[in-house]
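Trainee: need coordinates for the following:
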Amino acid sequence: MTDLAASSAEIDIEATQTATADARRRRRMLVLLMAMIALCHFNRISISVAGAEHLMEEYGIGEARMGMVYSSYLLVYTLCMLPGGWLIDRFGPWRAFLTLGIGSSILVPMTGLASFATTSSVVLVLCLIRGLLGVVSAPLHPAAARAVSFWYPPSGRGAANGLVTGAALLGIAVTYTVFGFLMDLVGWPSAFVAAGVATLLLTLAWWAWAGDRSLIDDEEPTPIPAGGSEGRAAFVALLRNRSLVFLTISYATVSYFQYLFFYWMQYYFDVILKLGKADGRLFTMIPTLAMAFGMMAGGWLADRVQARFPGRIGRIAAPAFAMLASAILLAMGVLGDRPVWVVACFTLAMGALGASESPFWVTSVELGGRRGGLSAAILNTGGNLGGMLAPVVTPLFSGYFGWKAGLGLASALCVVGAGLWLWIDPEEETIVKSVALAMPDLP
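Mentor: Residues are numbered from 1 along each chain as shown. Okay, the predicted model is just below:
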């Protein structure tokens with residue numbers, strides 16, 4: 001009995017040590033993932049800061065043409081998402097992020113080379129460079145969601161995804177002040193070079209310390225075979241999944257709302273409301289920080305609501321109510337005139353919208369099963385099809401009906417997106433799961 005007790009104690013100690021090591025590894029992975037996400041979004045949004053403060057004035061670029069530059073990244077980024085999702089399932093999120101980091105380290109500094117372009121060619125040069133950046137950035141969020149599914153059990157994925165998506169907004173929030181400071185210090189071309197160097201250093205850290213080994217027993221990251229009828233059948237099955245389709249359309253309305261703020265809010269505060277450059281930077285940062293907090297808190301809240309109300313209602317309640325609240329708050333801000341009121345309403349609206357983010361990613365990966373990278377890429381593709389319209393549609397729509405109407409359009413779309421959650425079943429399996437299970441076992 002003594003030997004048996006000693007053996008049992010040794011097993012318990014070993015299990016505790018393993019659990020502690022896994023917990024440390026999860027934290028390290030999550031910190032690296034959050035840093036990669038934050039810096040990638042910093043690099044994405046920095047062009048809008050340079051555009052609002054330098055490019056539009058120095059090169060005589062109008063609102064519509066500057067919107068084309070912003071959307072060039074989004075267009076190519078969106079077109080490459082589905083191939084990016086396949087690459088994630090085939091090679092794993094670690095390699096996807098490594099490729100993204102190396103490519104960004106080259107292309108972000110190249111944005112500064114546009115300073116050598118002529119006035120007539122600068123828009124084309126910027127579109128080409130930002131489009132290439134969109135190619136390498138395509139796996140970004142699907143790879144992050146897939147990585148979280150490897151490292152965390154279902155009960156913790158909402159909070160983990162909330163931290164990851166929140167890091168994206170932290171990266172965006174500091175872009176307006178940090179990149180603005182860099183431009184004031186060394187000029188806008190050198191500011192892009194500095195961002196590229198930072199990206200390279202972080203990519204080296206990812207290469208050294210991250211990985212794809214699953215910490216969840218039932219989520220082994222075995223690669224998907226290249227090509228074949230199984231892959232095509234799984235893709236078609238995912239497109240026929242009603243819940244994934246409605247989820248994607250709903251996310252498109254969220255992305256439209258987000259991208260309007262990311263690309264035009266500094267311009268709105270600075271030029272339309274005539275608050276000036278310094279206040280424009282600050283007032284743009286505040287709502288974005290609120291959205292980051294909303295994403296982090298929203299992931300935790302979604303896990304708690306799901307635990308309290310198991311089943312479909314518990315899964316859809318948090319994102320649907322968050323989107324509806326966001327739409328109402330945005331409308332209240334648009335109808336106001338005082339800057340303090342506008343900023344307060346916009347801040348609360350972005351915070352509420354952020355709370356809806358994590359459930360989209362958790363649900364998309366779970367609907368995809370073994371093809372979770374591809375299903376997350378479908379979500380992100382549809383989302384960005386909606387998001388890429390905002391930089392172009394907003395100034396065009398506002399040119400006819402005014403900027404208040406341009407922002408009000410985003411509010412109306414968000415109401416539609418909230419309603420779509422009524423037709424989403426996060427536990428839908430049907431064809432998607434059967435296709436995944438029908439695939440041959442891998443060695």
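Trainee: what about stretch 273-287, average pLDDT?
Mentor: The pLDDT scores in stretch 273-287 average 83.
Trainee: test my guess that T119 contacts M56.
Mentor: No - checked against CB atoms under 8 Å, the pair T119 and M56 is beyond contact range at 12.0 Å. C-betas here are computed from N, CA, C, even on glycine.
Trainee: so which of these two has more stuff around it?
Mentor: A direct count of neighbours by other CB atoms under 10 Å for T119 and M56 places M56 higher, at 18 against 10.
Trainee: show me what contacts that one?
Mentor: Residues near M56 by CB atoms under 8 Å, 6 or more residues apart in numbering: 62-63, 66.
Trainee: just among these, which is most surrounded?
Mentor: M66 (25 neighbours).
Trainee: Three-state assignment for the nearest residue to it once chain neighbours are set aside, please.
Mentor: Once flanking residues are discounted, M66 sits nearest to G51: 5.1 Å by CB to CB, 6 or more residues apart in numbering. Secondary structure, DSSP: H, G, I helix; E, B strand; the rest coil: G51 is helix.
Trainee: circling back to that earlier point, export the contacts of M56 to JSON lines and tack on pLDDT and secondary structure?
Mentor: Output for the contacts of M56, formatted as JSON lines (pLDDT from 0 to 100; DSSP: H, G, I helix; E, B strand; the rest coil):
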{"residue": "G62", "pLDDT": "88", "secondary structure": "coil"}
{"residue": "E63", "pLDDT": "82", "secondary structure": "helix"}
{"residue": "M66", "pLDDT": "89", "secondary structure": "helix"}
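Trainee: ok, of those, which one's closest to G333?
Mentor: The closest of the contacts of M56 to G333 turns out to be E63 (CB to CB; 21.0 Å).
Trainee: and the residue nearest to M66, what is it in contact with?
Mentor: 61, 66, 69-70.
Trainee: S71 now?
Mentor: So S71 contacts 388-389, 391-392 (CB under 8 Å, 6+ apart).
Trainee: ditto for P391
Mentor: Contacts of P391 by CB under 8 Å, 6+ apart are 67, 70-71, 74, 259-260, 263-264.
Trainee: just say helix, strand or coil for E428.
Mentor: Relying on three-state DSSP, one would call E428 coil.
Trainee: which non-adjacent residue is nearest it?
Mentor: S243 (4.3 Å).
Trainee: that neighbour: how many residues sit nearby?
Mentor: If you count neighbours by other CB under 10 Å, S243 ends up with 21.
Trainee: cool, L273 as well?
Mentor: Applying other CB under 10 Å, I find that L273 has 17 neighbouring residues.
Trainee: what about the contacts of G51, which are in helices?
Mentor: Secondary structure from DSSP state H places 66, 69-70 of the contacts of G51 in helices.
Trainee: dump the residues you listed to CSV, plus distance to A168.
Mentor: Formatted as CSV, these follow (distance: CB to CB, whole Å):
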residue, distance to A168
M66, 23
V69, 21
Y70, 17
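Trainee: what segments of the stretch 251-400 of the chain are helices?
Mentor: In the stretch 251-400 of the chain, the helices defined using DSSP state H, counting those that start in this stretch lie at 277-308, 312-335, 339-355, 357-368, 372-387, 389-401.
Trainee: which strands and helices sit next to the longest one?
Mentor: Which is helix 277-308. Helices and strands touching helix 277-308, as assessed by 3 or more CB pairs under 8 Å, 6 or more residues apart in numbering; DSSP states H and E, comprise helix 154-174, helix 242-267, helix 312-335, helix 339-355, helix 357-368.
Trainee: and the fifth one, by the same measure?
Mentor: Other helices and strands packing on helix 372-387, by 3+ CB pairs under 8 Å, 6+ apart, are helix 63-79, helix 81-91, helix 140-151, helix 229-239, helix 242-267, helix 357-368.
Trainee: give me the phi and psi angles of S121.
Mentor: With angles defined as degrees, to the nearest 10, S121 sits at phi -110, psi -10.
Trainee: which one of the contacts of S71 is nearest V135?
Mentor: Nearest to V135 among the contacts of S71 is M388, at 14.5 Å by CB to CB.
Trainee: how about that closest one: what's its closest non-neighbour residue?
Mentor: Leaving aside its sequence neighbours, M388 sits nearest to L74 (CB to CB, 6+ apart; 3.5 Å).
Trainee: wait, what's in contact with the one you found?
Mentor: Taking CB under 8 Å, 6+ apart as the test, what L74 contacts is 134, 259, 384, 387-388, 391.
Trainee: what does A173 give?
Mentor: Contacts of A173 (CB under 8 Å, 6+ apart): 285, 288-289, 291-292.
Trainee: residues in contact with the closest residue to it other than its chain neighbours?
Mentor: Residue nearest to A173 in three dimensions, not counting chain neighbours: T288, with 3.8 Å by CB to CB, 6+ apart. Counting by CB under 8 Å, 6+ apart, T288 makes contact with 169, 172-173, 176, 261-262, 350.
Trainee: what of V392?
Mentor: The contact partners of V392, by CB under 8 Å, 6+ apart, come to 64, 67-68, 70-71.
Trainee: and with 6 Å instead?
Mentor: By CB atoms under 6 Å, 6 or more residues apart in numbering, the contact list for V392 reads 67, 71.
Trainee: pLDDT score assigned to G228?
Mentor: Predicted confidence (pLDDT) for G228: 51.
Trainee: got the contact list for the residue lying closest to S104 once chain neighbours are set aside?
Mentor: Distances taken as CB to CB, 6+ apart put T199 closest to S104, at 4.9 Å, once the chain neighbours are dropped. Contacts for T199 (CB under 6 Å, 6+ apart) come out as 39, 104-105.
Trainee: kindly provide the distance from T199 to S46.
Mentor: 11 Å (CB to CB, to the nearest Å).
Trainee: look up how far G60 lies from A168.
Mentor: Taken as CB to CB, the span from A168 to G60 is 32 Å.
Trainee: okay, those two: which has more neighbours?
Mentor: A168 (28 against 10).
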